[in-house]
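>>> model this:
(2 chains)
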Amino acid sequence: MPELATDPGGAPEVAAEGVGAAESEDLAAPLYVAWQITNECNLACLHCIEESGPGKAFDDELDEAQVFAVLDELLAHEVPYVSFSGGEPMLHPQFFRMVEHLCAGGAQLKVETNGHYLTPENCARLKAAGVKAVQVSLDGASAGTFNRMRVRGSFDTTRAGIANLRSAGVPIEINFSPARFNLKEIGTVVDLAHELGAYSFYTGRTMYTGNAVKAWRHLEVSDEQYAAFFDALRAKAAEYRGRMRVYFHEAGLLEELRYRLQHPAALLIVLPNGLVKLINALPFICGDFRRQPLAEIWANFRRAWHDPRVAQFVDDLAADPGRTKILHDWIHL
Amino acid sequence: MRLAKYVKFREEKFGGVLFETRSEKVFTLNPTATAVVREIQAGADEQLIVGRLEARFADGGGAIAGDVAALIADLRQRGLVEG
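Numbers count the residues shown, from 1 in each chain, chains lettered A, B, ... in the order given. Down below sits the predicted model:
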């Protein structure tokens, strides 16, 4: 008698949530590939994990042939969900060709952008390609706050870009990075996201790494401030239930990493040069698309989570949270 | 009946997964549920799916029809199937 269940041998039901819900050990390929396609950026944000900025493209970023070889690998393995970020992904010289190739191949794509290149023409092209969503970073409800976080950025340009997405019919997500100077605007930013037509709003804790290390005295948020921040988000999540999803990741980094040690998400982080990170919050490299096929990288990813150096690094973080500042000193597993 | 717009399906050794990419939720399926979802993706309606599974598993008691109906109702309720 066949059983229609998500758990062979269990009751007939569909269960499990989150990319990590399906154990990566059991999967033939990742479910989600988050690809930082370039480190070049028009902005130089205070908190940027990747230390992106003008002239900050890696010297060894993948060339055109390598980029399309990776895309074809992802499609051949039926990776269902991909995101392009950066840097600013829309500055990549092959950006639209990459978007169109991936979407035409059947994968669902999210573009994570600072919103400064969302002209009506570009939004129409994203719509035509069939992107799942465009996520725009909006770190304030006013020009003063936004422009302080997004160095060289423009609140008005970003807001106009989001309006262009809406006009083109592209699904919109908004991302917010907290800092001590923008926390008080969280309620207003959530309201603004809804007013601008977003269907999802994301936020969490800003990490002490990348540019944030140098700017920490401007960014650092106390535990008490975070508690009030998450209380405000709970209220907003309830207020917008059924109209806009308000997601917030309240867990601290250590808690998240300890969970991931036991339950690695089926997620690969791909850097602009093709190196693959185990998880964004750790310095470990577990593959290289310039030299390895996806199947080999995926096998190594699953092995790497059991490497004792990973658990040791997480333990060391408990003693010294400041170790996150060396996330760019890559350790190859 | 079809998979919802933002739902992707992939077969695995243990059965399959459905990935609802708007909410970023993943649902795992056992081999039989995978067989049903494969038929949905191919455009089959409920009656056709039941007929194919009954032929495949020689079900004389009608249990398959009930299981398929329950699964499809569950998939609809979760927004994974539409139409």
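>>> can you tell me which residue is spatially central in chain B?
Taking Cα atoms, centre = their mean, the centroid of chain B lies closest to B:V37, which sits 2.9 Å from it.
>>> need the contact list for that residue.
Under the criterion of Cβ atoms under 8 Å, 6 or more residues apart in numbering or on different chains, the neighbours of B:V37 are B:3, B:9, B:16, B:18, B:29, B:75. No exception for glycine: its C-beta is placed from N, CA and C like everyone else's.
>>> restrict the residues you listed to those near chain A?
B:9, B:18, B:29, B:75 (Cβ under 8 Å from any Cβ of the partner chain).
>>> so which residues on the stretch 101-250 of chain A come close to chain B?
So far as Cβ under 8 Å from any Cβ goes, the stretch 101-250 of chain A lies against chain B at A:106-108, A:110, A:132-133, A:171, A:199-200, A:245.
>>> re earlier: so which of the ones next to chain A among the contacts of B:V37 wins on neighbours?
B:L29 (30 neighbours; other Cβ atoms under 10 Å in any protein chain shown).
>>> okay, that residue: pLDDT?
The score at B:L29 is 91. That number is its pLDDT.
>>> closest point of the stretch 1-150 of chain A to chain B, which residue?
Nearest residue of the stretch 1-150 of chain A to chain B, counting by Cβ to the nearest Cβ: A:P80, 3.4 Å away.
>>> thought that residue was touching A:L31?
Yes. Assessed by Cβ atoms under 8 Å, A:P80 is found in contact with A:L31 at 6.0 Å.
>>> list residues touching both of those two?
Joint contacts of A:P80 and A:L31 (Cβ under 8 Å, 6+ apart) are B:10, B:19.
>>> circling back to that earlier point, from B:Q41, how far out is the residue of the stretch 1-150 of chain A closest to chain B?
Counting by Cβ to Cβ, to the nearest Å, the separation of A:P80 from B:Q41 is 13 Å.
>>> more crowded one of these two?
Ranked by neighbour count (other Cβ under 10 Å), A:P80 and B:Q41 place A:P80 first, with 24 against 15.
>>> what sits against that one?
Neighbouring residues of A:P80 by Cβ under 8 Å, 6+ apart: A:31-32, A:107-108, B:8-10, B:19, B:21.
>>> which two in these are spaced the farthest apart?
A:Y32 and B:F9 (14.9 Å; Cβ to Cβ).
>>> how about chain B: which residue is closest to chain A?
Across chain B, the shortest distance to chain A (Cβ to the nearest Cβ) belongs to B:K8, at 3.4 Å.
>>> which helices and strands sit right next to the longest helix seen in chain A?
Identified as the longest helix of chain A according to DSSP state H is helix A:223-239. Contacts defined by 3 or more Cβ pairs under 8 Å, 6 or more residues apart in numbering or on different chains; DSSP states H and E place helix A:223-239 against helix A:186-195, strand A:245-248.
>>> all the helices of chain A, residue numbers only.
Using DSSP H, helices in chain A cover A:64-76, A:95-104, A:120-129, A:143-149, A:155-168, A:186-195, A:211-219, A:223-239, A:253-262, A:294-304, A:308-319.
>>> want to throw the ones you listed into CSV with mean pLDDT?
Formatted as CSV, the helices of chain A follow (pLDDT from 0 to 100):
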stretch, mean pLDDT
helix A:64-76, 98
helix A:95-104, 98
helix A:120-129, 98
helix A:143-149, 93
helix A:155-168, 97
helix A:186-195, 98
helix A:211-219, 87
helix A:223-239, 96
helix A:253-262, 88
helix A:294-304, 96
helix A:308-319, 91
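>>> for the ones you listed, give me TSV that also has distance to A:S52 and mean neighbour count.
Listed next are the helices of chain A as TSV, based on distance: least, Cβ to Cβ, whole Å; neighbours: other Cβ atoms under 10 Å in any protein chain shown:
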stretch	distance to A:S52	mean neighbour count
helix A:64-76	18	16
helix A:95-104	15	19
helix A:120-129	20	18
helix A:143-149	14	19
helix A:155-168	16	19
helix A:186-195	22	19
helix A:211-219	8	17
helix A:223-239	25	14
helix A:253-262	20	15
helix A:294-304	24	18
helix A:308-319	24	14
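>>> quick one: the ones you listed as JSON lines, columns for distance to A:N114 too.
Below are the helices of chain A laid out as JSON lines (distance: least, Cβ to Cβ, whole Å):
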{"stretch": "helix A:64-76", "distance to A:N114": "21"}
{"stretch": "helix A:95-104", "distance to A:N114": "13"}
{"stretch": "helix A:120-129", "distance to A:N114": "13"}
{"stretch": "helix A:143-149", "distance to A:N114": "10"}
{"stretch": "helix A:155-168", "distance to A:N114": "7"}
{"stretch": "helix A:186-195", "distance to A:N114": "15"}
{"stretch": "helix A:211-219", "distance to A:N114": "14"}
{"stretch": "helix A:223-239", "distance to A:N114": "22"}
{"stretch": "helix A:253-262", "distance to A:N114": "24"}
{"stretch": "helix A:294-304", "distance to A:N114": "29"}
{"stretch": "helix A:308-319", "distance to A:N114": "29"}
